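Asker: Build the 3D model from these lines:
(2 chains)
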Amino acid sequence: GAGVSQSPSNKVTEKGKDVELRCDPISGHTALYWYRQSLGQGLEFLIYFQGNSAPDKSGLPSDRFSAERTGGSVSTLTIQRTQQEDSAVYLCASSPRTGVGEKLFFGSGTQLSVL
Amino acid sequence: DAKTTQPNSMESNEEEPVHLPCNHSTISGTDYIHWYRQLPSQGPEYVIHGLTSNVNNRMASLAIAEDRKSSTLILHRATLRDAAVYYCIPKSYNTDKLIFGTGTRLQVFP
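Answerer: As a prediction, this is how the structure comes out:
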């Protein structure tokens, strides 16, 4: 079946521009997560959604970062006034529901390069 | 969140078993132990998880120490495709997110 889909797969932008990254979770999955991974680093949690609500936004690095989810499905991560330190792979994951035993299914990520 | 300690890197030869250790001495009694792996240029993928008993699936086995302060992921016969970073992640009832550490980079040689 279809997995988690992220678009675009690669995005090159200029410093100061806004970017939108899209995530299509597995159909029926109520939980959706955003992570980012800088070159050679581990995964950094950004935000997660349960349905359209975001109970935990604690990982968003600054107010330039925002995310929304509509219809309990597609999610968009927006970065305003991009900076070079925003360059990273942005990964999205979904799971059927939240819970201690639930497993996450990850997409292949969006490679963001800020010049 | 419980802290984990994993070796930075390990090596194996193809067709041999691999035992990947993880220390999680601060784990609480209700934390599940999850393992994920990340192949080069891909997002992480789920491997296995457990609470107290040893667990087996088609990918691997998970051996959990009786005191739950450590666990070992066992790949029974390593293949070149198993070369990846392996993450051991305790997951609590108090949180719905996975917190990834630095993991163990496994190299597999032909």
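Asker: what's stretch B:94-106 in contact with?
Answerer: A:31, A:33, A:35, A:42-45, A:48, A:50, A:55-56, A:98-99, A:104, B:1, B:4, B:6-12, B:18, B:20, B:34, B:36, B:38, B:44, B:78, B:82-89, B:91 (CB atoms under 8 Å, 6 or more residues apart in numbering or on different chains). Where you see a C-beta, it was placed from the backbone N, CA and C, and this is true even at glycine.
Asker: who in chain B is up against chain A?
Answerer: By CB under 8 Å from any CB of the partner chain, the residues of chain B that approach chain A are B:30-32, B:34, B:36, B:41-46, B:49, B:51, B:87, B:91-93, B:95-103.
Asker: Tell me which entries of those lie within strands.
Answerer: B:32, B:34, B:36, B:45-46, B:49, B:87, B:91 (DSSP state E).
Asker: Drop anything exposed from these.
Answerer: B:32, B:34, B:36, B:46, B:49, B:87, B:91 (16 or more other CB atoms under 10 Å in any protein chain shown).
Asker: Could you single out the nearest of those to chain A?
Answerer: Of all these, residue B:46 has the smallest distance to chain A: 4.1 Å, by CB to the nearest CB.
Asker: Now do the contacts for that closest one.
Answerer: Taking CB under 8 Å, 6+ apart as the contact definition, residue B:46 lies against A:103-105, B:34-36.
Asker: so what's residue A:12 up against?
Answerer: Listed by CB under 8 Å, 6+ apart, the contact set of residue A:12 reads A:113, A:115.
Asker: quick one: the residue of chain B found nearest chain A and residue B:68, what's the gap?
Answerer: Going by CB to the nearest CB, chain A is nearest to residue B:43 of chain B, at 3.2 Å. Going from residue B:43 to residue B:68 by CB to CB, to the nearest Å gives 28 Å.
Asker: Kindly report the same for residue B:90.
Answerer: Per CB to CB, residue B:90 is found 9 Å from residue B:68.
Asker: Overlap of the contact sets of these two?
Answerer: Residues touching both residue B:90 and residue B:68 (CB under 8 Å, 6+ apart): B:24, B:27, B:33.
Asker: separation between the residue of chain B closest to chain A and residue A:17?
Answerer: 25 Å.
Asker: So these two - more neighbours on which side?
Answerer: Comparing residue B:43 with residue A:17 by other CB atoms under 10 Å in any protein chain shown, the one with more neighbours is residue B:43, at 23 against 12.
Asker: Would you show me how to pick out the buried ones of the contacts of stretch B:94-106 in ChimeraX?
Answerer: In ChimeraX, a selection of the buried entries from the contacts of stretch B:94-106 looks like this (16+ other CB under 10 Å):
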select /A:31,33,35,43,44,45,48,50,56,98,104 /B:1,4,6,10,12,18,20,34,36,38,44,78,82,83,84,85,86,87,88,89,91
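Asker: ok so, going back, so, if you compare the ones in strands among the residues of chain B next to chain A, which one comes nearest to residue A:88?
Answerer: For these, the minimum distance to residue A:88 (CB to CB) is 17.5 Å, reached by residue B:87.
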